[in-house]
Every structure is written in structure tokens, then in C-alpha cells.
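> model this:
(one chain, ligands or ions: 1)
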Amino acid sequence: MTNKSNFRLGVLAGDGIGPEITEATVRVLEAAAGIASAPVTLTPAVVGWKAYEKSKSTLPDETLNVLNASDGWILGPTFAGEYPKDDPIRGHPSGFLRRHFKLFGNVRPVEAWSQFNPLIPDLKVTIIRENTEGFYPDRNLAWGYGEFKPTEDVALSLRVITGVACDRFARFALEHAKANGNSVLHIAHKRTAMPQTEGLFISAFEKLQPEFPDISVELLRIDTFSSSFPREPHRYKLVATTNLFGDILSDQASGLAGGVGMAASLNAGTDKAMAQAVHGTAPDIAGQGKANPSALILSAAMLMTWWFQKTGEASYRKAATLMEEGVRRAVETGNTTADLGGKAGTAEFADAVIKQMQK
Ligand code: ATP
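Numbers count the residues shown, from 1 in each chain. Model (predicted):
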């Protein structure tokens, strides 16, 4: 049940650099919540290798119980396909969580940071991606895996698109546009090649559009968009698309903005939301205390904004703004992690963010 005066959050540290950046994120979030008087209750739970070693599952039931009792959670990066294959469904924790908790809207804001030498210096675009079905074989069957090989030279991959998922996603994307003052929502699609599945997706937006008279829904073929976006990036502010297209487009946008190092994301459903950095587990620097926690901190800030939008409690919006501004100002001081050109470790950078928030 929604309790406006408290935000119950699970904390899942994950693999690789996950524990380091999650610890930093929790410290920043607690500091922001304290300054903004935005009550949060944090409950840690295990996921990934740690969980597998303990209970032979990368997502044990005890963790799902914590998440069931939470309003949202922070998920550190987890491996994708590297776990033992005895549980192929839960073996991809991030995909499983998105589907299991119906976190159907994946919001990926992309912004250029000068420290990364971006190809497009003032790029600012948000990709909203359907998150629960489409060309993702671990997500589109109730039992089993949606990619299979009946004979040695025949391989099949199933793509599932349903009206229910399209409808709820279209509402989510249009409401996001409204909440953020976007007057245009671009839909990137490939209806020319896949008229049924893409047609279902597009018609969900067309049906709903009259409820959002201030937002113009503009259709754009994914191939046209891909060639136009790098040349005219400022034409696009908000783009909604299906799952796999959204994965590719948001990575392309991050690349043009200088990399995934600062890229935040939120996976949201009707009742719950999950903060998750766009980058992976970075095994090459794991355990060294030098990873940049910014992407996860900014994702946690999105979680606070989501809770504000859900409850109307302005203290959560204040906490989110503190976190966003704290990261921005800490980066501007130059005392950053190595990927941003500085010498600070993960914990030291988190201290710098907290110091900026306290000013
Ligand atoms: P995975 O298999 O989990 O996707 P990966 O190494 O293939 O891991 P990323 O984790 O996204 O993919 O890392 C890509 C590169 O970016 C690596 O060199 C990594 O060290 C670097 N990197 C990723 N995240 C961070 C971070 N938060 N701080 C610093 N460097 C990072």
C-alpha cells in the first residue's frame, strides 16, 4: 500500500563494481533524503553471484519477498549470461525483474558531459523503451526460452508484442511527456517490415493521443531516425520505441554523448520502480574502488522523482534535485573518478557529492 510519508526501498548491490557504486549511491541518497526531510527505509537483499553462492539462485525468493514489500529498489549492475545455466529465467536478474514486476517503461535520459569529449556537445534526449516483451528471448515465453534451434542450420527467435503491453506503455510514455513538458513525442518504428507487431505498437499511441491534446505524436521509421539523429540531434527530445530498438538507440545516443559512464535509467511500472545504471559490471576495474558511481546515483534520483510524481510529496523531488545538482557540481570541481579525468576513488567522489549537497 502506498504510504506517502515513507519510501520503502530495496538495495541490491549486484556484481562487479555493483557493491562499490551501490554503497556510494546509498550514502548519497540517505544524505539527500535527510537534508530534504524525505523519509526512506532501505532494506538490503542479495542478487547475482553472492545470491547464487548462498542459495543456488541469482534471485532467491527471500530477495523477491523484500522487493514485494518495497515501493522501489536500486539494482547495481549484474551479469547478463555468465551465471550457471541451471535457472535460465532468473539467470538474467535484470530482465527477470523487469518482467516479473511489470516494470514496462524504461526511461533513459541521455545528456552530454564535456568531460567525456562528446561527439555532440549539447546533446539532450530521452529514450523511453518498452521493457517487458519484444525481441528478448528470456522475456517472451511463460516457460522456456524464446530462441531455439530445431536443426543445425535453422535458428528461430520469437518476438512477442501484445496489445496490453503496448497500451500500458503508450500511456506511460505520454504521461512522461506531459509531466516533463514535452510537446512532441517521436515514435521510432519499423512498421514497413513488421506491419502486425509494429502496427499494434503504433495504434496504442494513436488511440490514446486524443487524451493528450498538447502532445503531438510523430511517427518515424527507425532507419530514418538512425540516420537523421546524429545529423539533427536537437530535433528529438523524447523518443518512445519497442524493447530492442530502445536498447540500441539509447546506447547510440550515449555514445554520441560521450559514453555510458553517466547514463542513468529508471524501470517503472504502475506500482514499483527500479533504478539501474545503463553501464554493466565493469569487471576490468571491479573491487578497486575507482568506479564512477554517478550513473547509479542519477538513477536513484530518478527513483525519487518517480515517487514524488506518484505521491505528490515535494520533499522527494527536492531530494532528487539535490542529488542531480550534487553530482553536477562535484563533477565540475574536477575532483572526479578516473573515467572523468580525475583522481578520486568511488567513496571520495561520493563524499564530494554529499559535500556539494550540503552547501
Ligand atoms: P558487462 O559484461 O557487465 O556489460 P562490460 O565491461 O562489457 O561489462 P561495461 O560494464 O558497461 O561493459 O563497461 C564498459 C567499459 O566502461 C569498461 O572499460 C568499464 O571499465 C567502463 N565502465 C563502465 N562503467 C563504469 C563506471 N561506473 N566507472 C568507470 N568506468 C566504467
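> L249 reaches A188, doesn't it?
Yes: counting by CB atoms under 8 Å, L249 touches A188, with 6.4 Å between them. (Glycine included, C-beta is placed from N, CA and C.)
> where do the contact lists of the two overlap?
Shared contacts of L249 and A188 (CB atoms under 8 Å, 6 or more residues apart in numbering): 222, 225, 239, 241.
> Tell me which residues touch the residue of the chain found nearest the ligand, please.
Per CB to the nearest ligand atom, G280 is where the chain lies closest to the ligand, at 2.3 Å. Listed by CB under 8 Å, 6+ apart, the contact set of G280 reads 16, 77, 80.
> which residues does the second one contact?
Pointing back at P77 there. Neighbouring residues of P77 by CB under 8 Å, 6+ apart: 14-18, 21, 276-277, 279-282.
> In helices, which of those appear?
18, 21 (DSSP state H).
> if I pick the most centrally placed residue in the chain, what's in contact with it?
Among the residues of the chain, the one closest to the centroid is S265, at 2.6 Å (CA atoms, centre = their mean). By CB under 8 Å, 6+ apart, S265 lies in contact with 106-109, 250, 275-278, 299, 302.
> mind running it again at 10 Å?
By CB atoms under 10 Å, 6 or more residues apart in numbering, S265 lies in contact with 106-110, 127, 129, 131, 250, 274-279, 295-296, 298-299, 302.
> Which of these fall in helices?
Short answer: these in helices (DSSP H) are 250, 295-296, 298-299, 302.
> And the furthest pair within the residues you listed?
The widest separation within these, taken as CB to CB, falls between S250 and L296 and amounts to 16.2 Å.
> Neighbour count for those two, which is higher?
L296 (32 against 26; other CB atoms under 10 Å).
> so the more buried one sits right up against Q276, yeah?
Yes: judged on CB atoms under 10 Å, L296 makes contact with Q276 at a distance of 7.8 Å.
> and the stretch 251-359 of the chain, which residues reach the ligand?
Counting by CB under 6 Å from any ligand atom, the positions of the stretch 251-359 of the chain adjacent to the ligand are 260-261, 279-285, 291-292, 295, 339.
> In what element of secondary structure is F225 found?
helix 222-231 (DSSP states H and E).
> Give the buried residues for that helix.
For helix 222-231, burial by neighbour count (16 or more other CB atoms under 10 Å) applies to 222, 225, 229.
> Check stretch 230-237 too.
So for stretch 230-237, counting by 16+ other CB under 10 Å, buried means 233, 236-237.
> thinking P19 is in contact with A286, fair?
Yes: applying CB under 10 Å, one finds P19 in contact with A286, separated by 8.7 Å.
> what stretches of the chain score poorly on pLDDT?
Scanning the chain with the threshold set as pLDDT under 70 gives 1-4, 81, 87-90.
> Can you give me the domain boundaries for it?
1-102+271-359, 104-268 (automatic domain parsing).
> which residue ranges form the strands in the stretch 101-250 of the chain?
For the stretch 101-250 of the chain, applying DSSP state E, counting those that start in this stretch gives strands covering 105-111, 124-130, 147-151, 154-157, 184-189, 216-221, 238-241.
> what pairs with the first one, and is each one parallel or antiparallel?
When you say that, I think you mean strand 105-111. Using DSSP bridges, strand 105-111 pairs in its sheet with strand 124-130 (antiparallel), strand 266-268 (antiparallel).
> Centre of the chain to the shortest one, how far?
It stands for strand 266-268. Centroid separation between strand 266-268 and its chain, computed with CA atoms, centre = their mean, to the nearest Å, is 5 Å.
> Could you list the residues in contact with it?
Residues outside strand 266-268 that contact it (CB under 10 Å, 6+ apart): 72-73, 75, 94, 97-98, 101-109, 128-129, 131-132, 172, 176, 273-276, 298-303, 305-306, 309-310.
> what are the phi and psi values for A69?
For A69, the backbone dihedrals (degrees, to the nearest 10) come out as phi -90, psi 10.
> Then F308?
phi -60, psi -50.
> so it makes contact with S315?
Yes: assessed by CB under 10 Å, F308 is found in contact with S315 at 8.0 Å.
> residues shared between the contacts of these two?
Common contacts of F308 and S315, defined by CB under 10 Å, 6+ apart, comprise 7, 38.
> wait, isn't E218 in contact with L185?
Yes: here E218 reaches L185: they are 7.2 Å apart, a contact under CB under 10 Å.
> Distance check, E130 against G341.
36 Å (CB to CB, to the nearest Å).
> Who has more neighbours out of the two?
Taking neighbours as other CB under 10 Å, E130 and G341 compare with E130 leading, 26 against 12.
> The more buried one and L244 touch, don't they?
Yes: using CB under 10 Å as the test, E130 is close enough to L244 to be in contact (9.5 Å).
> just to revisit the earlier point, distance to K54 added to the contacts of P77, as a markdown table?
Shown next, in a markdown table, are these (distance: CB to CB, whole Å):
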| residue | distance to K54 |
| --- | --- |
| G14 | 14 |
| D15 | 14 |
| G16 | 18 |
| I17 | 20 |
| G18 | 16 |
| I21 | 21 |
| Q276 | 22 |
| A277 | 24 |
| H279 | 26 |
| G280 | 23 |
| T281 | 19 |
| A282 | 23 |
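> For the contacts of P77, which single residue is the most surrounded?
Ranked by the number of neighbours (other CB under 10 Å), the contacts of P77 place A277 first, at 32 neighbours.
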